[in-house]
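# I need the structure of the sequence given here:
(one chain, ligands or ions: 1)
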Amino acid sequence: MNNPATFPTIRTEIAGISVLELARCFETPTYIYDSDKILERIEDLRQFDVIRYAQKACSNLAILDLVRRHGVLVDAVSGGEIYRAQAAGFPTTGTAPPIVFCADLFDRRALEYVTNLDIHVNVGSSDMIQQLGQTVTEGNISLRINPGFGHGHSQKTNTGGDHSKHGIWHHELQSCLQLARRNGLTVTGLHMHIGSGSDFEHLAQVCGAMEKCALVVGSELNSISAGGGLPIPYRDGESTLDINRYFELWNATRNRLQETFDHPVSLEIEPGRYLSAEAGYLITEVRAIKKMGENTFYLVDAGFNDLARPIMYGAYHPISLTPSDGVADRPSQPVIVGGPLCESGDIFTQQEGGLVCTRELPAANVGDLLVIECAGAYGFVMASNYNSKTLAAEVLVKNQQPHLIRSRQTESDLIRDERIPS
Ligand code: LLP
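This is a model prediction of the structure:
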């Protein structure tokens, strides 16, 4: 069993570098990523034949380059993500496809990318099979199957069952295999991803469903993917998934298939959050402190334009304080942490449904920093320009050195593509 997580309430360093120094150099709000944490997480998963990073979690080129250099392949869900993967040095073809496009539909742009670059596709609908078949004469594809059940940390991240738009409904596997054949396409891979931030019990159910489907596909199958969804601890006391136990389950499934088919079947995993979440910190400055009746609000310069998970899912992120005067001995108090946006939902301490809650945090002064932790997955990538706020800077700490990997947007960037018609 893994050790339960503990999160500090006072933080002075990130990856060995002073938080105050980082804020001085790069200003706030800024995302800081610790490369060592990402590499540790990659090592946890080495037993799988292929670790395919779901780049939607954090797709900065420097992060993609880092994982690529450590043997990780990549998943792409749009033409833009294929473009990024290429820009970060991933080749388009290889024995195990270096880039896999996974979606439930082809927008026209993505179909162009996939066919021009010969990208392997993990198909999520019969229409995709047809559209691909009209464009290419032959090729291998994978099918993403919706096994009829799903699970996630929120209803919005559950990707299985009949309320989900994702994947090919399990009963349609047979007809999709025939459709693929008629279109000159061979199904060589199967994939299931039932949700993001699931738990062991639910993730384990997938193995049985996968085995059943694999037997329907038959011996042309040479790869199965367990998808992503591996949870990470966001709160004190939560532990990480028991990876060995998880791998053993999948390995047993894979071994049975290998025996039946009498050839190797590659076992893939497709994590996003697991690789990048814990490596990411959003540093932000306390700019105002106010009392509203009994409640104390810390208002910081990051909002849901920078980190949308709390307002979207009621997601909990650990928050720590970096005292600007270095005095760490602060009494704690229940506070609400909010951002600068002109919208009352711009609160980092809320539950799903928008219920505002308090968090026990050390007493703060204006000018102190708050560090919103476990923000490396679905943080920057879900940021927006709402309220004409500029996108934050991103910094990667590598070999004890901070590197600016994305400059803070400027106000002129905001209007660069806009036109006033004459
Ligand atoms: N593979 C597929 C097909 C997926 O749809 C996803 C996530 C992943 C892999 C990676 O899942 P992960 O290992 O990161 O859980 N914005 C939400 C998460 C949405 C996930 C969408 N798909 C959040 O902030 O929690």
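
# Just list the residues touching the residue nearest to Arg11 when sequence neighbours are not counted, thanks.
Spatial nearest neighbour of Arg11, chain neighbours left out: Ser320 (3.9 Å); criterion: CB to CB, 6 or more residues apart in numbering. For glycine as for every other residue, the C-beta is placed from the backbone atoms N, C-alpha and C. Applying CB atoms under 8 Å, 6 or more residues apart in numbering, one finds that Ser320 lies in contact with Phe7, Pro8, Thr9, Ile10, Arg11, Leu370, Val371, Glu373.

# what helix or strand does Ser320 sit in?
Using DSSP states H and E, Ser320 falls within strand 319-322.

# next one: that strand to chain centre, how far?
Relative to its chain's centre, strand 319-322 lies at 23 Å (CA atoms, centre = their mean, to the nearest Å).

# just checking, Tyr53 is part of a strand?
Yes: judged by DSSP: H, G, I helix; E, B strand; the rest coil, Tyr53 forms part of a strand.

# Dig out what it forms beta bridges with.
Beta-bridge pairing of Tyr53 under DSSP bridges involves Val74.

# ok so, going back, just to be sure, which of the contacts of Ser320 are found in strands?
Judged by DSSP state E, the contacts of Ser320 include Leu370, Val371 as members of strands.

# top of the contacts of Ser320 by neighbour count?
In terms of neighbours by other CB atoms under 10 Å, the contacts of Ser320 top out with Leu370 at 27 neighbours.

# Go ahead and confirm it touches Pro323.
No: in terms of CB atoms under 8 Å, Leu370 does not count as a neighbour of Pro323; the distance is 10.8 Å.

# Name the residues contacting each of those two.
Counting by CB under 8 Å, 6+ apart, the common neighbours of Leu370 and Pro323 are Ala364.

# With distance to Lys212 and pLDDT as extra columns, can I get the contacts of Ser320 in CSV?
Shown next, in CSV, are these (distance: CB to CB, whole Å; pLDDT from 0 to 100):
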residue, distance to Lys212, pLDDT
Phe7, 41, 97
Pro8, 46, 96
Thr9, 48, 96
Ile10, 51, 97
Arg11, 47, 98
Leu370, 48, 98
Val371, 46, 98
Glu373, 40, 98
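
# of all the contacts of Ser320, which comes closest to the ligand?
Glu373 (14.4 Å; CB to the nearest ligand atom).

# excluding its backbone neighbours, what's nearest that closest one?
Spatial nearest neighbour of Glu373, chain neighbours left out: Pro318 (4.2 Å); criterion: CB to CB, 6+ apart.

# do the same with Thr157
Leaving aside its sequence neighbours, Thr157 sits nearest to Ser196 (CB to CB, 6+ apart; 4.0 Å).

# how many neighbours does that neighbour have?
Neighbours of Ser196 under the rule other CB under 10 Å: 28.

# Got the confidence number for it?
For Ser196, the pLDDT comes out at 83.

# give me every residue that touches it.
Contacts of Ser196 by CB under 8 Å, 6+ apart are Gly152, His153, Thr157, Thr159, Gly228, Gly229, Gly272, Arg273.

# Likewise for Leu22?
With the criterion set at CB under 8 Å, 6+ apart, Leu22 makes contact with Ile14, Thr30, Ile32, Ile283, Val395, Pro402.

# please redo it, this time with the cut-off set to 6 Å
With contact set as CB atoms under 6 Å, 6 or more residues apart in numbering, Leu22 has these partners: Ile32.

# May I ask which helix or strand encompasses it?
Taking DSSP H and E as the criterion, Leu22 maps to helix 19-26.

# Show me what counts as buried in that helix.
Across helix 19-26, burial judged by 16 or more other CB atoms under 10 Å covers Val19, Leu20, Leu22, Ala23, Phe26.

# Neighbouring strands of the helix or strand following that helix in the sheet, and parallel or not?
Using DSSP H and E, the helix or strand that follows helix 19-26 in sequence is strand 30-34. Paired strands of strand 30-34, with direction, are strand 280-292 (antiparallel), strand 393-398 (parallel) (DSSP bridges).

# The helix or strand that the longest one is followed by to strand 280-292, inter-axis angle?
It refers to strand 280-292. Following strand 280-292 in sequence order, the next helix or strand is strand 295-300 (DSSP H and E). Computed by axes from the mean of the first three to the mean of the last three CA atoms, to 10 degrees, the angle separating strand 295-300 from strand 280-292 equals 140 degrees.

# returning to what we had before: output the buried residues of helix 19-26 in TSV, with pLDDT and distance to Arg330 appended to each entry.
Below are the buried residues of helix 19-26 laid out as TSV (pLDDT from 0 to 100; distance: CB to CB, whole Å):
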residue	pLDDT	distance to Arg330
Val19	98	15
Leu20	98	15
Leu22	98	20
Ala23	98	18
Phe26	98	25
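
# that's a strand at Arg109, yeah?
No: with three-state DSSP as the criterion, Arg109 is located in helix rather than a strand.

# That one and the ligand, how far apart?
19 Å (CB to the nearest ligand atom, to the nearest Å).

# List the contacts of that residue.
So Arg109 contacts Gly79 (CB under 6 Å, 6+ apart).

# Now do it against Tyr83, distance only.
As for Arg109, its distance to Tyr83 is 10 Å (criterion: CB to CB, to the nearest Å).

# And Arg408, by the same measure?
22 Å.

# Give me whichever of the strands paired with strand 30-34 is most buried.
strand 393-398 (a mean of 22; mean count of other CB atoms under 10 Å).

# Pull the distance from it to the chain's centre.
With CA atoms, centre = their mean, you get 17 Å for strand 393-398.

# contact partners of it?
15, 26, 30-35, 60, 62, 380, 402-406, 408.

# please redo it, this time with the cut-off set to 7 Å
14-15, 17, 22, 26, 30-35, 60, 62, 380, 402-408 (CB atoms under 7 Å, 6 or more residues apart in numbering).

# quick one on the thing from earlier: for Glu201, state which of the contacts of Ser196 is nearest.
The nearest member of the contacts of Ser196 to Glu201, counting by CB to CB, is Gly229 at 12.4 Å.

# what residues are up against that closest one?
Contacts of Gly229 (CB under 7 Å, 6+ apart): His193, Ile194, Gly195, Ser196, Gly197, Ser198, Leu203.
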